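Participant: The sequence isn't on hand, but the structure is:
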């Protein structure tokens with residue numbers, strides 16, 4: 001292009017970026033030829049030359065459900081307003097894949113990474129690579145217990161406490177719990193909320209009523225089948241996820257048991273399907289879009305400060321219990 005117009009490469013570059021030192025006539029000639037050649041400037045390369053990519057990495061376990069889809073929407077809204085694009089990776093709940101995702105994002109020269117851990121993640125070693133490059137990390141929803149990191153979290157204990165307390169207020173006393181992997185904060189805290197509510201109502205804890213699993217549909221089916229084989233079946237189930245609660249609902253229907261009259265159900269996450277099934281599922285809203293926005297804002301704050309050795313910060317969002325037909329008993 002420079003040869004065709006008999007000008008320097010730097011003149012072409014400045015003309016395309018509308019630099020005031022270039023005359024309007026030259027800008028017009030350059031832009032006309034660029035259009036004819038279907039030329040598009042490489043903004044990423046230009047940014048990297050200035051030491052910036054204007055890209056943020058986002059690493060999630062999956063995006064096939066409502067929660068992470070809405071979190072990403074919240075992240076993108078804030079990032080776009082600040083002039084950033086986002087690069088999304090999925091770990092598919094696999095720590096090995098998560099390690100590769102981190103490498104990919106580092107190699108893509110993102111300026112910061114927002115992370116929700118895979119279910120199988122049990123250490124932080126692969127995140128140390130980012131830290132060594134002074135690449136800021138902000139975790140959301142899922143973190144490992146005992147690690148002090150920048151994070152945006154839901155008060156999962158409070159959400160579980162409210163849900164279990166609601167079941168107790170409906171007269172339920174043998175409340176089972178579908179619990180997720182306890183090395184992850186969200187499931188450990190939801191279990192604690194369940195225990196706290198039982199303690200408040202002086203209901204003895206029964207380990208036989210707790211089914212620890214990976215929070216899949218089939219886990220809910222298997223868990224409910226096991227619970228119904230107990231000498232005294234539960235009169236309610238508080239599940240740490242909506243999808244596992246749906247598995248329980250399938251078994252209860254198959255066995256001819258009424259929900260909520262025979263067994264009340266409550267889930268967690270407010271997935272879209274929770275309000276479409278019959279009966280509609282009582283659940284806890286996680287404020288997913290708000291969580292994404294808060295996580296992006298925290299990362300942008302850290303990028304703006306550019307200070308080393310700053311104490312990690314946490315943002316705690318409050319849950320919202322949505323009481324629906326699956327747990328409401330008449331009288």
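Facilitator: Now that the structure is in, tell me what you want to look at. Since we're looking at a predicted model, the values are computed, not measured.
Participant: hey, where'd the helices end up in the chain?
Facilitator: For the chain, applying DSSP state H gives helices covering 2-5, 9-16, 24-36, 43-49, 66-81, 95-107, 128-132, 156-169, 185-200, 217-227, 242-254, 288-305.
Participant: can you pull the buried residues of the longest one?
Facilitator: Translated: helix 288-305. Across helix 288-305, burial judged by 16 or more other C-beta atoms under 10 Å covers 288-300, 302. Heads up, the C-betas are built off the backbone N, CA and C, glycines and all.
Participant: do the same with stretch 316-323
Facilitator: 317, 319, 321, 322, 323.
Participant: Now, these that are in strands?
Facilitator: Of the buried residues of stretch 316-323, the ones assigned to strands by DSSP state E are 317, 321, 322.
Participant: possible to save these as CSV with pLDDT and distance to residue 83?
Facilitator: Formatted as CSV, these follow (pLDDT from 0 to 100; distance: C-beta to C-beta, whole Å):
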residue, pLDDT, distance to residue 83
317, 98, 26
321, 98, 38
322, 98, 36
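Participant: where in the protein is pLDDT low?
Facilitator: 1-17, 19, 22, 27, 30, 33-34, 36-52, 306-309, 331 (pLDDT under 70).
Participant: what do you get if the cut-off is 50, keeping everything else the same?
Facilitator: Where the chain drops to pLDDT under 50, the residues are 2, 42-51.
Participant: residue closest to the middle of it?
Facilitator: residue 68 (4.5 Å; C-alpha atoms, centre = their mean).
Participant: Report the contact partners of it.
Facilitator: 60, 61, 62, 116, 288 (C-beta atoms under 8 Å, 6 or more residues apart in numbering).
Participant: Roughly how far does the closest residue to the first one other than its chain neighbours sit from residue 58?
Facilitator: The reference is to residue 60. The shortest distance from residue 60 to any non-neighbouring residue, by C-beta to C-beta, 6 or more residues apart in numbering, is to residue 68 (4.6 Å). According to C-beta to C-beta, to the nearest Å, residue 68 and residue 58 sit 9 Å apart.
Participant: Likewise for residue 110?
Facilitator: 9 Å.
Participant: neighbour-wise, which of these two wins?
Facilitator: residue 58 (29 against 22; other C-beta atoms under 10 Å).
Participant: So in terms of bridging, what pairs with the more buried one?
Facilitator: residue 88, residue 114 (DSSP bridges).
Participant: isn't it right up against residue 85?
Facilitator: No. Using C-beta atoms under 8 Å, residue 58 is not in contact with residue 85; the gap is 10.6 Å.
Participant: show me what contacts residue 104?
Facilitator: residue 89.
Participant: swap in the one 4 residues further on?
Facilitator: The contact partners of residue 108, taken as C-beta under 8 Å, 6+ apart, are 53, 55, 57, 87.
Participant: Pull up the gap between the residue lying closest to residue 279 once chain neighbours are set aside and residue 260, please.
Facilitator: Leaving aside its sequence neighbours, residue 279 sits nearest to residue 325 (C-beta to C-beta, 6+ apart; 3.6 Å). The spacing between residue 325 and residue 260, counted by C-beta to C-beta, is 7 Å.
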